[in-house]
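Enquirer: pasting the sequence and the predicted model now:
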Amino acid sequence: MKVVTTPMCREVVVLAGITDFIVSNVPDSIDADLAVVLWETKISKPTFRVKLNTFAQIKDSIHSLADKMGTSPFKFNLEPYKPIKVRERKKIKVKVYSNFLKEIVTDMGFTPVDEPADFLVYPDYIREKIPAEIEAAGDRAIEIPSHKNVPINPLKRAHLRYNILEERLCTKL
């Protein structure tokens, strides 16, 4: 089976044990039987869609892809994120501007809310759309880098985002 993937999904394909594949920014332009892409990618060919926002999603994507392809995933050290002080974290209310960040905040044990919130978490690409809210939140506003401003490797990307949130949200614990 001929597989194509995007650069953002390459590491998942490798960790799923697939050795023969093509990497392309435009997977529809490649003659392939299957495209491994991010879940929100619009594409016309048969796809295997992955979610790579949380550590659990990355792990599930790797194992599901390996199952589909009949490969053995590489052994890798992907410790599931295990927050400490879960009860205390649930008390921290976070207003989140994006689904991918909401998934991470929830995975970390914090409580996403609309209003009132202890913190504001937003992706960098929305900064110009909510300047008043960012200013009002002051040092409680946390900007998280989006796809274009993070490592292409999903594990490194997740570590970066979790670490930023860990440093900033846990100041209230």
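Expert: Done, it's in. Numbers count the residues shown, from 1 in each chain.

Enquirer: where does the chain have its least confident helix or strand?
Expert: helix 86-90 (a mean of 80; mean pLDDT, DSSP states H and E).

Enquirer: now the closest residue to Ser24 other than its chain neighbours: phi and psi?
Expert: Counting by Cβ to Cβ, 6 or more residues apart in numbering, Ser24 lies nearest to Ile30, which is 5.0 Å off, once chain neighbours are set aside. Every C-beta, even on glycine, is put in place using the N, C-alpha and C of the backbone. Note on Ile30: its backbone torsions stand at phi -100, psi 140 [degrees, to the nearest 10].

Enquirer: could you name the helices and strands sitting against the helix or strand following the least confident helix or strand of the chain?
Expert: Downstream of helix 86-90, the first helix or strand assigned by DSSP states H and E is strand 93-96. The criterion is 3 or more Cβ pairs under 8 Å, 6 or more residues apart in numbering; DSSP states H and E, and the helices and strands that strand 93-96 contacts are helix 99-107, strand 111-113, strand 119-123.

Enquirer: remind me what the next helix or strand after the last one packs against, helices and strands.
Expert: When you say that, I think you mean strand 119-123. Downstream of strand 119-123, the first helix or strand assigned by DSSP H and E is helix 131-137. Applying 3+ Cβ pairs under 8 Å, 6+ apart, we find helix 131-137 packed against strand 119-123, strand 141-144.

Enquirer: next up, the contacts around Lys93.
Expert: Applying Cβ atoms under 8 Å, 6 or more residues apart in numbering to Lys93 gives the contacts 110-113, 116-119.

Enquirer: pLDDT wise, what is Ile134 at?
Expert: pLDDT for Ile134: 97.

Enquirer: check His147 too.
Expert: Reported pLDDT for His147: 76.
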